[in-house]
Each structure stands twice: as structure tokens, then as C-alpha cells.
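Participant: Curious how this folds, go ahead:
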Amino acid sequence: MDIAELLEHARLRADCVVLPPVSLPLARRDDERLPDGVREFYEGCGGAVLFAGQARELTVLPPDEVVPANPLIVGDPVEADAVSRAAYLIARTPGGDHLTVDMSVPRGGRVYDSFHELHGVAGEWPVVAPSFADFLTEVWEAPGALPYWLPESGPEGRVFPDAYDDTEG
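Facilitator: Numbers count the residues shown, from 1 in each chain. The predicted structure follows:
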């Protein structure tokens, strides 16, 4: 399912809120760019709440809240770490945990589980989707009551690659 189709389905559901488009998020550094899937999403809407009131509820942030994650999550821009400094907040769970999207040119679009204890930790920071479009599709199509990236929700033994794994980027 492509992003435009997903947004149309979400607009028809009572447990989803799709905001009207307002602007695009901004990449802040010269070595970053807005991934295609992120651009397509924000051209079609201004953020969304998917599955409101359910355990798998997810808020895809408005474009003005898509900002570098390190200052918010770890309290420091961590400029020396090229991987985590390119991670921008993109979504939030009701419990306040974040998902981030990589805006770097070589890894652009990958989505990370940026739970505060995992964000930026080599060997512990999972890539939950190779692209933002794949992330939204997995969120939309995942069976079960919990977000698909949580260990207790998916098929037993599902392992996500690490953000620092060179084979992914």
C-alpha cells in the first residue's frame, strides 16, 4: 500500500485523525535531505493519529515537530555521532516513546525505535523499517494489539538490524 492510499484509508476510519497538509519538515544539515516517503506523507497531510485509543496508537508528528532527536532524547546534540545526529523525531506512542527517521543521505528514510534507553546505543538501536513508507505500511497492516516493533507483538524471533550495522547503510 502506498502512502496516499494509506492516508485515504485512515481518513475513513473513526479511530484515525489525518490533519490537513501545512508544510514539509526541514533537514537541518547540508549532508541531510528529506526522504521521499517523508516528503510524500507531508505533502498529503500535516500529521496523523492512527488507531486512537488502542494499544497500537501512534501519532505521526506535525512537520514542525520533526526535529533532530538527540537534544530531546539524550539532552545533547551529539554531533560526533553521524548516525544519531541524523535521526529526527517522526512519531510518538501514547507512552511518550519516539520513533525517528534518518535524514542522512546514505541511510535516508530508515526508521528507528528511539525508546530513550535504546536511542543512539550501538548494538541496541533497532532499525524497525528500511523506509518511512515501509514503516507506515507495517504500522497499518500489523496484526495484533501492540505496535509491530515491540518484542511482545510480532512473530516470535523477529530481529531488527541495528542502526550501526554497516550492512544496512
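
Participant: where along this structure do the helices fall?
Facilitator: In the chain, the segments counted as helices under DSSP state H are 3-11, 36-44, 70-73, 82-85, 132-141.

Participant: wait, which of these is closest to Thr93?
Facilitator: Among these, the nearest to Thr93 by CB to CB is helix 132-141 (10.9 Å). C-beta here means a position set from N, CA and C on the backbone, and glycine is covered the same way.

Participant: Which elements pack onto the closest one?
Facilitator: Secondary-structure packing of helix 132-141 (3 or more CB pairs under 8 Å, 6 or more residues apart in numbering; DSSP states H and E): helix 3-11, helix 36-44, strand 98-102, strand 111-113, strand 127-129.

Participant: Adding mean pLDDT, write those out as JSON lines.
Facilitator: Shown next, in JSON lines, are the helices and strands packed on helix 132-141 (pLDDT from 0 to 100):
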{"stretch": "helix 3-11", "mean pLDDT": "97"}
{"stretch": "helix 36-44", "mean pLDDT": "98"}
{"stretch": "strand 98-102", "mean pLDDT": "97"}
{"stretch": "strand 111-113", "mean pLDDT": "96"}
{"stretch": "strand 127-129", "mean pLDDT": "95"}
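
Participant: Figure out which of the ones you listed is closest to Glu141.
Facilitator: helix 3-11 (9.3 Å).
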